[in-house]
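Asks: Would you be able to build a 3D model of this:
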Amino acid sequence: MWPPNYLIFCGLALLTTLSPGPALLLTLSNTLAVGPRRAMLGALGNALGLLLVSSLVLAGLGLLLIGSAKAFGLLKLTGAAYLIYLGVQQWRASSQPAAQTGPGLAPKQGTLALFSRGVAVALTNPKAILFFSALFPQFISADRPVLGQFVVLTLTFAASALFSHAVYASIAAALRSRLGSTGSRRQQQSTRLFKRGSAVAFVGLGLSLLRLPGPVA
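Replies: Down below sits the predicted model:
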């Protein structure tokens, strides 16, 4: 891979992963609920999900989705339904007292739930598959082994995603600290407002996903 091309890809990956979306919104929500360290479990899950999506693209699923309106529509509906589900869960959690709300977006969530939710957000986002399918070929040299270049680009994108999640988690952690100690009335009110706002945002993202243009038949 030509070094200048790789540097351009790094910049594009950072710009893309720093742009607000469902995964970063999830990290913000989790950070306010359980702190930045445990919130990064969801970020690690999201990075794993991106690696799986990249593998599916390499296996040809990206081309299948681009060429099949039905397959693309099914994945789009699944992704939209999951985001709306997250919104509903977030709204329900906002109506419960802080003492009854466990880690994450819903009561009694544990480590596995935080991690798996991050994976699910990545896997149910058709934009990620289309992004990998359309972007990666632009930075791969045909005269060199394709698999090695694909692995480098994938790991770079996943690392960029983790960095972006860490940035957002740090911002949310600073806000959480500024609101006061856990259980304070001010923090409870602010957290409730944020949860309801992010619930609306999740539902809005899900509905906007339904408007994502499909492949031309």
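
Asks: Quick check: chain neighbours aside, which residue is closest to L86?
Replies: F202 (4.6 Å; C-beta to C-beta, 6 or more residues apart in numbering). The C-beta positions use only the backbone N, C-alpha and C, and glycine is treated the same way.

Asks: for the one you found, what are its contacts?
Replies: Neighbouring residues of F202 by C-beta atoms under 8 Å, 6 or more residues apart in numbering: 22, 25, 83-84, 86-87, 90.

Asks: Could you identify the most distant pair in these?
Replies: Greatest spatial distance among these (C-beta to C-beta): L25 and I84, at 13.3 Å.

Asks: hang on, the earlier thing: does the residue nearest to L86 count as helix, strand or coil?
Replies: helix (DSSP: H, G, I helix; E, B strand; the rest coil).

Asks: Identify the residue nearest the most centrally placed residue in the chain in space, chain neighbours excluded?
Replies: Centroid-nearest residue in the chain: A23, 2.2 Å away (criterion: C-alpha atoms, centre = their mean). Leaving aside its sequence neighbours, A23 sits nearest to N46 (C-beta to C-beta, 6+ apart; 4.7 Å).

Asks: Please identify the buried residues of the host helix or strand of that neighbour?
Replies: Secondary structure from DSSP states H and E places N46 in helix 36-58. Neighbour-count burial for helix 36-58, counted by 16 or more other C-beta atoms under 10 Å, picks out 36, 38-51, 53-54, 56-58.

Asks: same deal with stretch 8-18?
Replies: Buried residues in stretch 8-18, counted by 16+ other C-beta under 10 Å: 9, 13-14, 16-18.

Asks: low-confidence ranges in this structure?
Replies: Regions of the chain meeting the criterion pLDDT under 70 cover residues 1, 61-68, 71-72, 93-109, 142, 179-191, 212-217.

Asks: for it, which helix is longest?
Replies: Longest helix in the chain, counting residues (DSSP state H): helix 146-179.

Asks: one step back: out of the buried residues of stretch 8-18, list just those in strands.
Replies: Using DSSP state E, no member of the buried residues of stretch 8-18 falls in strands.

Asks: So which of those belong to helices?
Replies: Residues of these located in helices (DSSP H): 9, 13-14, 16-18.
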